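In: With the sequence up front, the predicted model follows.
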Amino acid sequence: MSAPPILDFSPFYSNDVAAKAELVRKVKDCCLHNGFFQIVGHQVPAELQTKIFDCSKAFFDLSLEEKSKVNKDLNTWNRGYELLRSQMLEVGTSPELKEGFYIGEDLPTTHPYFIEKKLNSGPNVWPSTLSPSPLSLEEFRDTTTAYYNHVVSLAKDILKVLALTLDLEEDWFNEFTDGAVATMRLLHYPPQEKDSDEKLSRGIGAHTDFGAVTLLLQEEVDGLQVWEKETKSWLDVVPTKGAYVVNLGNMFMRWSNDRYISNLHRVINKSGKERYSIPVFFSGNPDYVINCLPNCCAEGQNPKYPPVTVADCVGGSYKESYGRAAAHKAEQAQKGTMTAVGNSVPIAV
């Protein structure tokens, strides 16, 4: 078996009916198999992909003191800097060797989503300097915002293809995508020691995503692995320039009554290099009620899951993974095994 196939998404934007139908068929096969595929031929500009990584590196090159000024723990809507070892997605591993920066739609504090504390909704927070990077703060804001908007638009196009794979009208998910919440994370993985215990040390532990669909842009350093159930082995997803790794999340699997797959994946960065990646997690309208999709429940059978709102479905998973890391660090601190305070645990760089 090979890693998720790379599909040409350009027929979606063309008038070639046969090519579009073939794209839909291939996406359906991937969703039934393991919920992962990769796409090229999208409409996100290559130069914008390059600039977003420039922005990511500029931010993570800042001192811990500067990054901590925009720590996401200083607000309640999940925006800003995430320290190393803040999350634990896989039970039995150590908190994860990654740091991040959360960005979303920049909503004012007067917006109903913010007032009602809807899923990760509110204003973005921005660093006060990028020195010594030549990037200006305005360039950083403009680039990250433009990139976010392009990828959210692409996610909506992917959902149109997913509708077609289920023999639904192309616009079936429009109500779900109207007023949608999506979260982007700039991620940085310091390299792990080559002799580190892979059972404990992960960039990201084995997990499935929480929402509807995820679009991941990788730079040139590998580390992402996808579980292959047929061979019971991990497949390396080698970065392809410009390609998005697309996968379904738990909410879509639930929505499809488990017909489509939300699959395990993880990151182990033993390359000896710094790894950068940028996922965009598309959750949808937080008030939308997820109920079994048409054509996903056999005649005469009841859906496996009761209805649930997007906010309730996704929000609980966030709390669980961060709570797990906090509990682990508290336990280790109590045992006296922590080598430093908080998240400033020494690692190989």
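Out: Cool, the structure landed.
In: Look through this structure and tell me its longest helix.
Out: helix 137-165 (DSSP state H).
In: That one packs against which elements?
Out: helix 17-33, helix 46-60, strand 99-104, helix 174-177, strand 181-189, strand 213-218, strand 244-248, strand 275-284 (3 or more Cβ pairs under 8 Å, 6 or more residues apart in numbering; DSSP states H and E). (C-beta placed from N, C-alpha, C; glycine too.)
In: Could you tell me which residues within it count as buried?
Out: 139-141, 143-144, 147-148, 150-152, 154-165 (16 or more other Cβ atoms under 10 Å).
In: export the helices and strands packed on helix 137-165 to a markdown table and tack on mean neighbour count?
Out: Shown next, in a markdown table, are the helices and strands packed on helix 137-165 (neighbours: other Cβ atoms under 10 Å):
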| stretch | mean neighbour count |
| --- | --- |
| helix 17-33 | 16 |
| helix 46-60 | 18 |
| strand 99-104 | 24 |
| helix 174-177 | 16 |
| strand 181-189 | 24 |
| strand 213-218 | 24 |
| strand 244-248 | 26 |
| strand 275-284 | 25 |
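In: closest to R266 out of these?
Out: strand 181-189 (11.5 Å; Cβ to Cβ).
In: Paired strands for the helix or strand following the closest one, with orientation please.
Out: Going down the chain from strand 181-189, the next helix or strand is strand 204-207, by DSSP states H and E. Here strand 204-207 has these sheet partners by DSSP bridges: strand 265-267 (antiparallel).
In: List the contacts of the partner strand.
Out: 36, 90, 98, 189, 202-208, 223-227, 234, 247, 275, 277 (Cβ atoms under 8 Å, 6 or more residues apart in numbering).
In: wait, doesn't R141 sit right on W126?
Out: Yes: counting by Cβ atoms under 8 Å, R141 does reach W126; the two are 5.9 Å apart.
In: tell me how far the ends of stretch 274-290 are from each other?
Out: Counting by Cα to Cα, to the nearest Å, you get 38 Å between the two ends of stretch 274-290.
In: what about that stretch, average pLDDT?
Out: The pLDDT scores in stretch 274-290 average 98.
In: before we move on, what about stretch 142-161?
Out: 98.
In: Run through who's touching that stretch.
Out: Contacts of stretch 142-161 (Cβ under 8 Å, 6+ apart): 9, 12, 23-24, 27, 39, 42-45, 48-49, 51-52, 54-55, 103-106, 170-171, 173, 176-177, 180, 182, 184, 186, 212-213, 215, 217, 244, 246, 278, 280, 282.
In: Could you rerun that using 6 Å?
Out: Residues from elsewhere that reach stretch 142-161, judged by Cβ atoms under 6 Å, 6 or more residues apart in numbering: 24, 27, 42, 44, 48, 51-52, 55, 103, 170, 173, 177, 182, 184, 213, 215, 280, 282.
In: swap in stretch 178-196?
Out: Under Cβ under 6 Å, 6+ apart, the answer for stretch 178-196 is 56, 60, 98-104, 119-121, 148, 152, 201, 203, 269-270, 272-273, 275-286, 347-349.
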